[in-house]
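In: sequence unavailable; structure follows:
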């Protein structure tokens, strides 16, 4: 398997470009199927969040042009995207995926949402039929590594997220949040998290509007114990917004839903009392020109970076521990990939040895005559012990050659023992998967050699 991971994120591109290439959740399955349909692409997954769009692919060769799909699918000139794209291959692609899932590549290191977003992208791709035997084990290992980082380091010990960063900014603007009204436009997870932080810090009135009214009602019910949330019909959104001190907007709208002229109307109704807009949507929900109005403070997803940086000093040590852990997990997965390549050869070697053992036992059966149960068990133990001892050295040699990536040595060992000249090519994907399960994670790679007591038998 050859991996190519191509993407664009908050480190390489401004929000103006990221919002142009963002892929809505409802479009991800079709986009993944289109990507998997590119010549040479065997499997594919697309991750699209407010901070990144990444395409993970298993391809037939490194010559496959994954970037061209992005240009065609999004109808964007290559010259506009090329300076902002990054591409990782094979081992580096694995490392990047593991770091993303573990929130080490996030705008706010340690934020918990990204793992859920990667899992959602995986689920969509799997249901679309674009993730199978090639990417499945890689993604499962990425999830396990991320879980290990969160459970064995302190990187997620404190509540740090885009939502909490937004609250920090609100407190800087208003001083105290007590008595402030918060308007949630969009009933997504990010809006919910931001609202929880705001309520915890003193905001005591919540308004909620969403295109789908049922979702707004469900979100309102979650805050019923702490405040008395009010659901606003979508058609009355602009009228209700002037009541809010803090507007948190995170919809999937393709165009801004709040424009400069809306802001002017809000200020007029509020008699110029300040308003704080937290726009965590990509594409953006609030027209950037609104920030020019006196009395309106607008922060988009990129503006939150400066506040997020303040948390980095506290997390430097935890991040270093997490990076070391991810590096070890990447190495472990890389070794496992290599080991899978010789699993069919090891299974074949064992099968051949077992066939020879059974044939020899059958050949001498007549000479041994009638044996007691203990004697038969002793002969069985002796023959198995000898086979295990003879197999130990070639199996260890195959394992080491796999770890070293020495294909020539693997082929030489296979030729010596009369195995398939190219055991990797000879094995089907199903056989490789079975070998991975039955060989790599079991005693086949750690042959237990026990000298069972052998009772004297008649010759």
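Out: Structure's in. What do you need? All of these numbers come straight from a predicted model, not from anything done at the bench.

In: low-scoring stretches of this protein, by residue?
Out: Scanning the chain for pLDDT under 70 picks out 1, 156-161, 305-316, 339-340, 420-459.

In: and the longest helix along it, how far out from the chain middle?
Out: Longest helix in the chain, counting residues (DSSP state H): helix 305-368. The chain centroid and the centroid of helix 305-368 are separated by 20 Å under Cα atoms, centre = their mean, to the nearest Å.

In: hey, where'd the helices end up in the stretch 101-250 of the chain?
Out: Secondary structure of the stretch 101-250 of the chain (DSSP state H, counting those that start in this stretch): helices located at 113-127, 136-152, 162-174, 189-200, 213-222, 237-241.

In: want to try CSV for those helices, with distance to residue 76 and mean neighbour count as columns?
Out: C-beta here means a position set from N, CA and C on the backbone, and glycine is covered the same way. Converted to CSV, those look like this (distance: least, Cβ to Cβ, whole Å; neighbours: other Cβ atoms under 10 Å):
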stretch, distance to residue 76, mean neighbour count
helix 113-127, 21, 19
helix 136-152, 27, 18
helix 162-174, 26, 21
helix 189-200, 26, 21
helix 213-222, 31, 16
helix 237-241, 31, 18
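
In: between those, which one is nearest to residue 299?
Out: Set against residue 299 and scored by Cβ to Cβ, those come closest in helix 162-174, at 5.8 Å.

In: which elements pack onto that closest one?
Out: Under the contact criterion of 3 or more Cβ pairs under 8 Å, 6 or more residues apart in numbering; DSSP states H and E, helix 162-174 touches helix 189-200, strand 246-249, strand 275-279, strand 296-300, helix 305-368.

In: direction included, what does the fourth one pair up with?
Out: Strands flanking strand 296-300 in the sheet, each with its direction: strand 275-279 (parallel) (DSSP bridges).

In: ok and the longest helix of the chain relative to strand 296-300, angle-wise?
Out: 20 degrees (axes from the mean of the first three to the mean of the last three Cα atoms, to 10 degrees).

In: nearest to residue 95, out of the helices and strands packed on helix 162-174?
Out: Among the helices and strands packed on helix 162-174, the nearest to residue 95 by Cβ to Cβ is helix 305-368 (4.8 Å).

In: that older thread, okay if I get the helices and strands packed on helix 162-174 as JSON lines plus distance to residue 168?
Out: Listed next are these as JSON lines, based on distance: least, Cβ to Cβ, whole Å:
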{"stretch": "helix 189-200", "distance to residue 168": "9"}
{"stretch": "strand 246-249", "distance to residue 168": "13"}
{"stretch": "strand 275-279", "distance to residue 168": "11"}
{"stretch": "strand 296-300", "distance to residue 168": "11"}
{"stretch": "helix 305-368", "distance to residue 168": "5"}
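
In: which one of those lies closest to residue 135?
Out: Among those, helix 305-368 comes nearest to residue 135, with 12.4 Å by Cβ to Cβ.

In: what angle do the closest one and helix 162-174 make?
Out: Put simply, helix 305-368 runs at 170 degrees to helix 162-174, going by the same axes, to 10 degrees.

In: helices or strands up against helix 305-368?
Out: Judged by 3+ Cβ pairs under 8 Å, 6+ apart, helix 305-368 is in contact with helix 91-101, helix 136-152, helix 162-174, helix 373-404, helix 407-416, helix 423-426, helix 429-435.

In: could you say what helices and strands the fourth one packs with?
Out: With contacts taken as 3+ Cβ pairs under 8 Å, 6+ apart, helix 373-404 sits against helix 305-368, helix 407-416.

In: format these as JSON lines; extra columns: distance to residue 68 and mean neighbour count.
Out: What follows is the helices and strands packed on helix 373-404, written out as JSON lines (distance: least, Cβ to Cβ, whole Å; neighbours: other Cβ under 10 Å):
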{"stretch": "helix 305-368", "distance to residue 68": "27", "mean neighbour count": "16"}
{"stretch": "helix 407-416", "distance to residue 68": "31", "mean neighbour count": "16"}
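
In: okay, the ones you listed in TSV with distance to residue 184 next?
Out: Shown next, in TSV, are these (distance: least, Cβ to Cβ, whole Å):
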stretch	distance to residue 184
helix 305-368	20
helix 407-416	57
